[in-house]
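got a predicted structure plus its sequence, pasted below:
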Amino acid sequence: MNLLPIGTIEKQKAILTEVGNSDYSAVGESKIITLASTPHWALFNFISSTTGLVVSAQEKAIIVQNVKIKKLRKRQFFLQESDVCKYIGFITSGSTRMFSVNERGQESIVSFGLENNFIVDPGSFSNNEPSGYYIEALEDTCLLTMSCAQFYTLKTQVPAFSNMFDRYQLNQLIEIQKRINSALSMSAEERYFDLIYTRPDYVKRFSQNMLACYLGVKAETLSRIRKLKV
C-alpha cells in the first residue's frame, strides 16, 4: 500500500504542525492531498458515500489530526479480555473478529469486521471499564484509530463524520436485531442459508470453523448443512 509520497517527510511534518496550530479555516485541498494517506481517503470516501455530504478540506484536516494509522498482523489482537478498550478502529483493509471465551474455553464470535467497519467494545470504550471480549485480526489489517477524546472531537467538530457514524450505528442496531431474531426463530440450517443470502462476503472470506462459531453451531453440523446445499 502506497501511503505517503517518498521524500516529503519534512514537508508533511511542517503541514501537520500548521494544521495542528490552525483553526482549519485556511487549510486547502492541496495540503490535504499531501498530508492524507490512503487509509484517510478511505474514511473520507466512506463518509461521503454514506451521507451524500462533501467532506471539506477543513473537515479532512481535523480528521487527519485526530486519527492514527495502525497495522495489525494476522492473529494480532486489537483488544484482549480484561483490557480497557481505549481506541475505536476503522478498518480500511483486512478483517477482524470480536469474540468471547467462556469458562469451558468455548469461543463465541460476536461479530466480524471488514473494510469500512468500525471495531470497538462500546461498553469498555465509553465507560473505561475492562472488556469481556477479544478483537483479533484474521488477515493483515490496516486501521485508523482514535481515542475516546479524539472520537468526540470528530463528532462535535465534523458534522459529516457525526452524520456518518449515526447512520452506521443505526445500521448496526438493525443488524443486531436481525441476528437476535434469527437466533430465536430460525433453525441452524435456516441461519446458514440466510447468512449466504445476506452476507456472502462472510462465506467467501471466513473459514467454516469461524462461520460455525459465529452461527453458534458445531463445525460438523455446519459441514452437514453445507452438503445439503450441494
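Okay, I see it. Numbers count the residues shown, from 1 in each chain.

which helix or strand in this protein has the lowest average pLDDT?
When the helices and strands of the chain are scored by mean pLDDT, DSSP states H and E, helix 9-21 comes last with a mean of 44.

just the strands in this structure please.
Secondary structure of the chain (DSSP state E): strands located at 68-72, 77-79, 87-93, 96-101, 107-113, 118-119, 134-137, 141-147.

how about the residue nearest in space to the middle of the chain, what does it touch?
The C-alpha lying nearest the average C-alpha coordinate of the chain belongs to F118 (C-alpha atoms, centre = their mean; 2.4 Å). Neighbour list for F118: 88-91, 165, 168 [criterion: C-beta atoms under 8 Å, 6 or more residues apart in numbering]. Where you see a C-beta, it was placed from the backbone N, CA and C, and this is true even at glycine.

measure M98 to G52 for me?
M98 sits 29 Å away from G52, going by C-beta to C-beta, to the nearest Å.

what's around S126, how many residues?
S126 has 13 neighbouring residues, counting by other C-beta atoms under 10 Å.

one more: R73?
Neighbours of R73 using other C-beta under 10 Å come to 10.

what's the burial count for the closest residue to it other than its chain neighbours?
Excluding its sequence neighbours, the residue lying closest to R73 (C-beta to C-beta, 6 or more residues apart in numbering) is D140, at 5.9 Å. D140 has 14 neighbours, counted by other C-beta under 10 Å.

for R104, same thing?
R104: 5 neighbours (other C-beta under 10 Å).

now the contacts of F118 as JSON lines including pLDDT and neighbour count?
What follows is these, written out as JSON lines (pLDDT from 0 to 100; neighbours: other C-beta atoms under 10 Å):
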{"residue": "I88", "pLDDT": "98", "neighbour count": "22"}
{"residue": "G89", "pLDDT": "98", "neighbour count": "25"}
{"residue": "F90", "pLDDT": "98", "neighbour count": "23"}
{"residue": "I91", "pLDDT": "98", "neighbour count": "23"}
{"residue": "F165", "pLDDT": "97", "neighbour count": "20"}
{"residue": "Y168", "pLDDT": "97", "neighbour count": "18"}
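
and those, which two are the farthest apart?
I91 and F165 (14.4 Å; C-beta to C-beta).
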